[in-house]
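J.: sequence below, structure please.
(2 chains)
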There are 2 protein chains.
Amino acid sequence: MKFSIQKDYLVQAVQDVMKAVSSRTTIPILTGIKIVATDEGVTLTGSDSDISIESFIPVEEAGDEIVEIERKGSIVLQARYFSEIVKKLPQDIVEIDIQNQLQVVIRSGKAEFNLNGLDAEEYPQLPQVAEENVFSLPADLLKNLIRQTVFAVSTSETRPILTGVNWKIENSELHCIATDSHRLASRKALIAASSSIPEANVVIPGKSLNELSKILDDTTDSVEIVMTEQQILFKMKNILFFSRLLDGNYPDTSRLIPSESKTDILLNSKELLHAIDRASLLAREGRNNVVKFSTIEQGIVEISSDSPEIGKVTEEIQSELIEGEELKISFSAKYMMDALKAIDGPDVRISFTGAMRPFFIQPVDDEKTLQLILPVRTY
Amino acid sequence: MKFSIQKDYLVQAVQDVMKAVSSRTTIPILTGIKIVATDEGVTLTGSDSDISIESFIPVEEAGDEIVEIERKGSIVLQARYFSEIVKKLPQDIVEIDIQNQLQVVIRSGKAEFNLNGLDAEEYPQLPQVAEENVFSLPADLLKNLIRQTVFAVSTSETRPILTGVNWKIENSELHCIATDSHRLASRKALIAASSSIPEANVVIPGKSLNELSKILDDTTDSVEIVMTEQQILFKMKNILFFSRLLDGNYPDTSRLIPSESKTDILLNSKELLHAIDRASLLAREGRNNVVKFSTIEQGIVEISSDSPEIGKVTEEIQSELIEGEELKISFSAKYMMDALKAIDGPDVRISFTGAMRPFFIQPVDDEKTLQLILPVRTY
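T.: Okay, the predicted model is just below:
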């Protein structure tokens, strides 16, 4: 194998596939990046066996020569060294050359690295994904769907299925749900009409979605999504992102969401977020970061918290509308802040059915996003 | 005590004095910030007993009212909470009000914090520094003197005196020296003529200089420096920075610096820095991050390193001038990179007296800065 390549493209591709490489793998060759040079271009692969990322650098793009292949071939190089080396090379052009089977020379300007490689034949094959259940989403929408749900997955392995986000497709609508059993994030999105949108119900590891999100850009470029029994594949321009799916049935969460409410409050989202943030400054030490929220006269909401040793904080917020019963409730400041950050738009509606029941938050005039939080008993 | 104050000034002053506050102090009241309100303004103090910082916010600055004092007084508030609270307050004006002796109310907009304070009488007095040995330096020069020397102090407490930077004043020249016994950084600066510049020889803890450097801005504003037996005081506009000095005699390092050289090499500083950085990518794993440096034909220097498991790297650099004997030497890549980063100007001269002797690096045409490194035996 021998080729020369524009450094910027190589650095970007290495950075992308590195997101799948873990230093704590039990399969030694997976600490490496596989490099394959063909007549079409250079393909890099990184994997931790849960996530695999393949990045392709074409020989030419928009009339610009990116890679010049002199000799085809393949090799695996230690990801940690290779990624640091390519970033620090002195010139815009990099030459990569296999000498004596597994000895790789990387040249750029007057700098020359000789690295010991591993046999690419030993690198695990990527999963085969049949192109049957395919649909597509714009990259920016996909990124939003992830941002608005993935934070709510469980970080505990007690119920492994809750460490993933449930994706259900029914009637051309994608429904993403995450819960750690103390709060729940739900987001629906219509899938643009196509001849046959598949029905599906899968659970994608939260970690995979977080890594995918880092690769997605904020464009409306279409991302093709292919689902099988055990794998999901996201196809972007020149990048393939594979993730395994979680085994098991995701709990039915639809009954958790109250269908009616006793108190409805409209608030400015930023004002509420900042007040909760301030109240949580003193709450962090004490009982699990819990703040109190209560309606007081004339459409005013009071946020407060206290910690006997440090002091207390109270703040009033003017509500745009309070409908229904009076309310005193306590909840985790962190869950509320996470939920408010995941909601777009200036105003939120919070719907309560009493101090002991889950309550939910939605943007005003948007039913597609819903954040549910279980209160904490303190009053 | 009761006053209202512009939030930005309060946030900045708290941030400055926080640099002296440590959470790991053995004196509980030093986890707090002392606040004193007088007719002239508000003074904040933070201290870990090694470093003390006092920041003064005047009632008025350039015709702008910054503080409005309603009632004089003083209090100590938990630094950690107070600093986070002031940053997150909602409005531009903050009111601080002592109620019932040690109960402090902080108000801004609709937010109200009640904090438990401590008695300011219990807070240790700042050191008394007689204004005898006084000289001054522009802030940007002072910042440079620190940057170019402090990195070379020892991080080990085996010889505590080496954890500080030696400042000597003789004949209106300040000489700053730091060494960890493997390398040495030296920087001289003329002190602008004044009636009586004191002679002095003190050792300032590296940690103090690092914290001071964060407060100094890149202006030519004059900083007054007052030295006593046990303390040094830096007086900036509205900020006093006290540090204790280290006890003991700093070793005489003048004999360490070779007075003649056998090989002199002129190199571009950035080119050398980047080549060493690349060579160190593979050296980090192996023998203590050591790279090899050797002269080869036609004014060319070769930088190399190898690590049997990973591979090797070589790079050639064109020298502008090589004078004297051929040379093969090995040294710590980290020390060389630290030294090169501390040297301003595009080109450096490196003066060697053999592979086993310390060598030194200076900017071309500037004798005020000198970086000395002890080589490592490998050849």
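J.: please identify the buried residues of stretch A:108-115?
T.: A:Ser108, A:Lys110, A:Ala111, A:Glu112, A:Phe113, A:Asn114, A:Leu115 (16 or more other Cβ atoms under 10 Å in any protein chain shown). In this view, the C-beta of every residue, glycine as well, is placed from N, C-alpha and C.
J.: quick one: which two of the residues you listed are the most distant?
T.: A:Lys110 and A:Leu115 (17.4 Å; Cβ to Cβ).
J.: could you check how far the residue lying closest to A:Asp365 once chain neighbours are set aside is from chain B?
T.: Leaving aside its chain neighbours, A:Asp365 sits nearest to A:Gly345 (7.9 Å; criterion: Cβ to Cβ, 6 or more residues apart in numbering or on different chains). For A:Gly345, the distance to chain B equals 21 Å [Cβ to the nearest Cβ, to the nearest Å].
J.: ok, and of the buried residues of stretch A:108-115, which contact chain B?
T.: Within the set of the buried residues of stretch A:108-115, contact with chain B (Cβ under 8 Å from any Cβ of the partner chain) is found for A:Lys110, A:Ala111, A:Glu112, A:Phe113, A:Asn114, A:Leu115.
J.: and the gap between the residue lying closest to the last one once chain neighbours are set aside and B:Arg357?
T.: The one in question is A:Leu115. Closest residue in space to A:Leu115, ignoring its immediate chain neighbours: B:Gly311 at 3.9 Å, by Cβ to Cβ, 6+ apart. According to Cβ to Cβ, to the nearest Å, B:Gly311 and B:Arg357 sit 31 Å apart.
J.: now swap in A:Asn133 and tell me
T.: Applying Cβ to Cβ to A:Asn133 and B:Arg357 gives a distance of 71 Å.
J.: go on, A:Leu240?
T.: 57 Å.
J.: near chain B, which residues of chain A are found?
T.: So chain A meets chain B at A:78, A:81, A:84-85, A:88-90, A:104, A:110-116, A:274-275, A:277-278, A:281-282, A:309-317 (Cβ under 8 Å from any Cβ).
J.: so where's the stretch 251-379 of chain A uncertain?
T.: Low-confidence segments of the stretch 251-379 of chain A (pLDDT under 70): A:285-287, A:379.
J.: just the helices in it please.
T.: Counting by DSSP state H, counting those that start in this stretch, residue ranges of the helices within the stretch 251-379 of chain A are A:269-283, A:333-341.
J.: can I get the first one in CSV? Just the C-alpha atoms.
T.: So the one you mean is helix A:269-283. Extracted C-alpha coordinates of helix A:269-283, given in CSV (Å, rounded to 0.1, in the frame of the first residue of the first chain):
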residue,chain,number,x,y,z
SER,A,269,-38.4,29.0,29.9
LYS,A,270,-35.2,31.0,30.4
GLU,A,271,-36.5,32.8,33.5
LEU,A,272,-37.5,29.5,35.1
LEU,A,273,-34.2,27.8,34.1
HIS,A,274,-32.1,30.6,35.7
ALA,A,275,-34.2,30.7,38.9
ILE,A,276,-33.9,27.0,39.3
ASP,A,277,-30.2,27.2,38.6
ARG,A,278,-29.8,29.8,41.4
ALA,A,279,-31.9,27.9,43.8
SER,A,280,-29.9,24.8,43.2
LEU,A,281,-26.7,26.6,44.2
LEU,A,282,-27.7,26.0,47.9
ALA,A,283,-29.6,22.8,47.2
